[in-house]
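Participant: would you be able to build a 3D model of this:
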Amino acid sequence: MVRETRRSPIPANAALFRPGKVDFLKSANYSVIFAAFLSLPTMQLADFDYHLPEELIAQHPATERTASRLLHLDGDTGALTDRQFRDLPGLIRENDVLVFNNTQVIKARLHGQKESGGKVEALVERILTDGVRALAHVRASKSPQPGSKILFADGVMATMVRRVDDLFELDFGASVHEILQRIGEVPLPPYIAHDADNDDESRYQTVYARHPGSVAAPTAGLHFDEAMLGTLRNRGAALAYVTLHVGAGTFRPVRDDDISKHVMHSERYEVPAETVAAVAEAKSRGGRVIAVGTTSMRTLEAASRNGTLQAESGETSIFITPGYSFRTVDRLVTNFHLPKSTLLMLVAAFAGLENIQRAYAHAVAQRYRFFSYGDAMLLEKRTPN
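Facilitator: You can find the predicted model right below:
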């Protein structure tokens with residue numbers, strides 16, 4: 001059933017819900033769903049806070065990929081429509097192009113111990129060019145020192161080489177990719193409470209994943225199955241792909257009250273020439289560019305920084321906040337994002353902060369499921385004033 005409302009009956013600053021109990025939410029200010037200080041010259045972190053009951057954080061995926069709900073937000077009117085994700089093909093027009101991120105999640109989490117016996121958990125962020133060294137987040141009672149050894153399962157041993165900012169360079173002496181395939185675990189996000197199982201190995205991965213390198217899934221793409229991709233093609237839409245390898249920094253909270261001081265993590269990306277051509281063709285025929293996920297959005301906009309989309313590869317730390325002028329993307333398919341996160345700031349930039357505040361309050365009231373395994377949104381870009 002589709003229900004449309006021009007304005008949610010829930011004001012954006014209503015304090016309606018009890019605080020959740022998830023660790024990463026404990027430090028949030030829950031006196032309001034969102035604290036919006038639109039008159040301030042600099043946006044503050046509190047503008048992007050909201051209250052989420054713990055039970056709305058999806059711990060498992062829907063029974064089928066396309067079985068989730070879809071909240072449709074018109075950025076210009078603020079209209080909200082409750083839909084099912086299966087409705088999406090009916091909202092796509094001939095000559096539109098959907099751009100997906102075809103990165104593949106690697107089994108990046110390793111459990112081991114130091115030579116002293118202390119437990120260690122390592123999350124591989126990036127495999128370096130020689131294939132035997134990696135940059136990793138390491139959690140232990142005491143940080144390993146250069147030259148120290150970490151012992152993992154199956155006789156695997158790594159030497160800590162040096163610190164690189166908040167990461168540790170580890171030398172495994174053998175193919176890191178093969179080691180991860182053999183003994184690694186799917187790196188589920190911190191808000192998912194269960195250990196990764198066989199179901200997660202398939203469902204925390206898009207059906208079109210091709211290029212290994214991410215430690216987190218591009219979660220908007222988890223809603224698509226092969227049948228829906230075929231339906232989209234049959235409607236005359238083009239499907240195109242970019243690659244952005246998602247790092248663990250995607251879960252890093254913004255800590256400075258002045259969000260302009262936040263420094264984004266850097267991620268590797270590639271925009272192939274055929275995607276540039278598909279986007280250009282769509283625009284020339286009056287079609288719309290629909291980014292599937294914030295990672296696709298950030299990739300397209302990073303490669304459009306000179307005004308038009310370019311075929312390129314490199315590193316991006318693009319930080320999109322309200323006031324940003326979008327160059328390529330017209331619509332965005334996305335999941336619901338964490339309070340005070342850079343991704344929440346991105347969607348607010350795209351569809352309007354007040355619209356997002358109202359949409360999230362509506363989603364909480366209507367019991368949508370949040371975050372990686374949760375429901376989705378379709379956002380129409382707000383026309384700049």
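Participant: helices of the protein, residue ranges please.
Facilitator: 176-183, 198-203, 226-234, 273-284, 294-302, 342-351, 353-365 (DSSP state H).
Participant: which one of these lies closest to A220?
Facilitator: helix 294-302 (7.4 Å; C-beta to C-beta). All C-beta spots, glycine's among them, are computed from the backbone N, C-alpha and C.
Participant: flag the shaky bits of the stretch 251-385 of the chain, pLDDT-wise.
Facilitator: Residue ranges of the stretch 251-385 of the chain with pLDDT under 70: none are present.
Participant: so what would you say the end-to-end distance of stretch 289-299 is?
Facilitator: 13 Å (C-alpha to C-alpha, to the nearest Å).
Participant: just stretch 150-168 next, same as before
Facilitator: 12 Å.
Participant: how far does it sit from the chain's center?
Facilitator: In terms of C-alpha atoms, centre = their mean, to the nearest Å, the gap separating the centre of stretch 150-168 from the centre of its chain is 27 Å.
Participant: same check on stretch 279-296?
Facilitator: With C-alpha atoms, centre = their mean, you get 19 Å for stretch 279-296.
Participant: list of residues touching that stretch?
Facilitator: Residues outside stretch 279-296 that contact it (C-beta atoms under 8 Å, 6 or more residues apart in numbering): 92-101, 103, 218-221, 224, 237-238, 240, 242, 244, 246, 297, 300, 309, 328-334, 337, 343, 346-347.
Participant: and the residues you listed, which are buried?
Facilitator: 92, 95-101, 103, 218-221, 224, 237-238, 240, 242, 244, 246, 297, 300, 309, 328-334, 337, 343, 346-347 (16 or more other C-beta atoms under 10 Å).
Participant: got the domain boundaries for the protein?
Facilitator: 3-7+18-105+203-380, 109-183 (automatic domain parsing).
Participant: got a list of what I92 touches?
Facilitator: Neighbours of I92 in contact, by C-beta under 8 Å, 6+ apart: L98, L232, R235, A237, I290.
Participant: equivalent analysis for E201, please.
Facilitator: V186.
Participant: so how far is R288 from it?
Facilitator: According to C-beta to C-beta, to the nearest Å, E201 and R288 sit 34 Å apart.
Participant: please identify the most buried of the domains of the chain.
Facilitator: When the domains of the chain are scored by mean count of other C-beta atoms under 10 Å, the highest mean neighbour count falls to domain 3-7+18-105+203-380 (a mean of 19).
Participant: out of the contacts of stretch 279-296, which sit inside strands?
Facilitator: Here DSSP state E is the test, and those give 97-101, 103, 238, 240, 242, 244, 331-334 as lying in strands.
Participant: so can I have a markdown table of those showing distance to H72?
Facilitator: Formatted as a markdown table, the ones in strands among the contacts of stretch 279-296 follow (distance: C-beta to C-beta, whole Å):
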| residue | distance to H72 |
| --- | --- |
| V97 | 19 |
| L98 | 16 |
| V99 | 19 |
| F100 | 19 |
| N101 | 21 |
| T103 | 26 |
| A238 | 21 |
| A240 | 22 |
| V242 | 24 |
| L244 | 25 |
| R331 | 10 |
| L332 | 11 |
| V333 | 10 |
| T334 | 12 |
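Participant: can you pick out the most distant pair from those residues?
Facilitator: T103 and R331 (20.9 Å).
Participant: which stretches of the stretch 51-200 of the chain form strands?
Facilitator: With strands called from DSSP state E, counting those that start in this stretch, the stretch 51-200 of the chain shows them at 69-74, 80-84, 97-101, 103-105, 109-114, 119-127, 133-140, 149-152, 157-164, 167-171.
Participant: mind checking how far the closest residue to A359 other than its chain neighbours is from R235?
Facilitator: Leaving aside its sequence neighbours, A359 sits nearest to L73 (C-beta to C-beta, 6 or more residues apart in numbering; 5.0 Å). Computed as C-beta to C-beta, the L73 to R235 distance reads 22 Å.
Participant: also D200?
Facilitator: 31 Å.
Participant: any idea how far F172 is from the residue of the chain most remote from its centre?
Facilitator: Relative to the centre of the chain, and counting by C-alpha atoms, centre = their mean, the farthest-placed residue is S116 at 37.0 Å. To F172, S116 is 20 Å away according to C-beta to C-beta.
Participant: cool, and K261?
Facilitator: 36 Å.
Participant: do the same with T383
Facilitator: Between T383 and F172 the distance is 51 Å, computed by C-beta to C-beta.
Participant: also V246?
Facilitator: 22 Å.
Participant: now do D165
Facilitator: Per C-beta to C-beta, D165 is found 20 Å from F172.
Participant: please apply the same query to A227.
Facilitator: 40 Å.
Participant: cool, R369 as well?
Facilitator: 38 Å.
Participant: over to A216?
Facilitator: 22 Å.
Participant: what does H72 give?
Facilitator: 46 Å.
Participant: who's in contact with the spatially closest residue to D200 that is not a sequence neighbour?
Facilitator: With C-beta to C-beta, 6+ apart as the criterion, D200 has its nearest non-adjacent residue at 4.9 Å, and that residue is V186. When contacts are counted by C-beta under 8 Å, 6+ apart, V186 touches V105, K107, R109, A196, D200, E201, Y204.
Participant: now, among those residues, which is nearest to L135?
Facilitator: R109 (14.4 Å).
Participant: for that closest one, list the residues it contacts.
Facilitator: E121, A122, L123, V124, G184, E185, V186, P187, A196.
Participant: ok, the residue lying closest to the fifth one once chain neighbours are set aside - contacts?
Facilitator: Yep, that's G184 we're talking about. Spatially, and ignoring its direct neighbours in sequence, G184 is nearest to K107 (3.1 Å; C-beta to C-beta, 6+ apart). Counting by C-beta under 8 Å, 6+ apart, K107 touches L180, Q181, G184, E185, V186, P187.
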